[in-house]
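Peer 1: With the sequence up front, the predicted model follows.
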Amino acid sequence: MGIFSRLSDIVNSNLSAILDKAEDPEKIIRLMILEMKETLYEVRSDAARIIADRKEAERTLGRLIEAGAEWQRKAELALSKEREDLARGALLEKAKLEETAGLLRQDLDSLDAALGKHDADIAKLEAKLREAQTKQKSMQARQKSADSNLRVRRQVHDSRIDDAFARYENMERRIDDVEGQAEAFDLGQTKTLADEFAELEADQAIEGELAALKARVAKQSGDAKKPAARRK
C-alpha cells in the first residue's frame, strides 16, 4: 500500500512530520523514495506521450496548411480560366481545412499547457525526491554513528576489560609487596666501626694500585721516546 494516494500528496507532504510519527522511519523513508521514483517515472512517461502527440499534431497542421495553400492556388487558377464554380469549390475545401487547422491549434495549445504542468510537476517531484534522499542519508549517518557509539560503550563497559585491569592491578600490588619486603631488610642497619675501617682500607688499596699503574705507564712512555732521540 502506497504512502501517497496522488501526486499532490507527495508535493504537499511534510516528510519530517510523517517520519516523526512512523514506528519504523527507515522503512517509511525507503517506501517514500520508491513511490516518488515510481510517480516520477509515470509523470515523465505521460510527458513523453504528450510530446509525441504534439509533434504529430504539428506535422498534421503543417500538412493542412500546405493543402490549404494548394486549394488557394487552384482557386486562383480556376478564376484565371473563368471557372468561378471551380474557384468557389476550391475555396470551400480551403475553408474546411482552415477549420480543422483551427481545432488542431486549440489541441496544440492544450498539449502545451499539459506539458507545462508536467514540467512543473516533475520539478516539484524531483525536489521532494532529493529532500527524501537527503533525509535518508542523514538517517543512515545517524544510525552508523549510533552503532559505532554503542560498540565503543560496550567495549568500555566490557567486564573482560575490567577483569584484565583488575588482574594487572593485583600483579602490581604483589610486585610492590616483594619490593617492600626487600627494602625492609635494609631498615635499621647502620655501619659498624669495623665496616668503616674496612672501607678506608679498601679505598687505600685501590689508590695505591692506581698510583703504581700510572707510574708504569709513564715509564713505558719514556722508554719508547729514547731510541727516537738517539736517531736524531
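Peer 2: Now that the structure is in, tell me what you want to look at. Since this is a predicted model, take the numbers as computed values, not measurements. Numbers count the residues shown, from 1 in each chain.
Peer 1: What helices and strands are in contact with whichever helix or strand Asp203 is part of?
Peer 2: Following DSSP states H and E, the helix or strand that holds Asp203 is helix 193-231. Contact here means 3 or more CB pairs under 8 Å, 6 or more residues apart in numbering; DSSP states H and E; on that basis helix 193-231 packs against no helix or strand. The way it works is simple: take the backbone N, C-alpha and C, and place the C-beta from them, glycine included.
Peer 1: Where does Glu23 sit: helix, strand or coil?
Peer 2: Classification of Glu23 into helix, strand or coil gives coil, according to DSSP: H, G, I helix; E, B strand; the rest coil.
Peer 1: what residue lies at the spatial centre of this structure?
Peer 2: When the chain is reduced to its mean C-alpha position, the nearest residue by CA atoms, centre = their mean turns out to be Lys137, at 7.7 Å.
Peer 1: For the nearest residue to Pro25 once chain neighbours are set aside, give me the pLDDT.
Peer 2: Distances taken as CB to CB, 6 or more residues apart in numbering place Leu19 nearest to Pro25, at 4.6 Å, with adjacent residues excluded. The pLDDT attached to Leu19 in the predicted structure is 84.
Peer 1: okay, now Leu61: neighbour count?
Peer 2: Applying other CB atoms under 10 Å, we find 17 residues neighbouring Leu61.
Peer 1: cool, Leu15 as well?
Peer 2: Per other CB under 10 Å, the neighbour tally for Leu15 reads 17.
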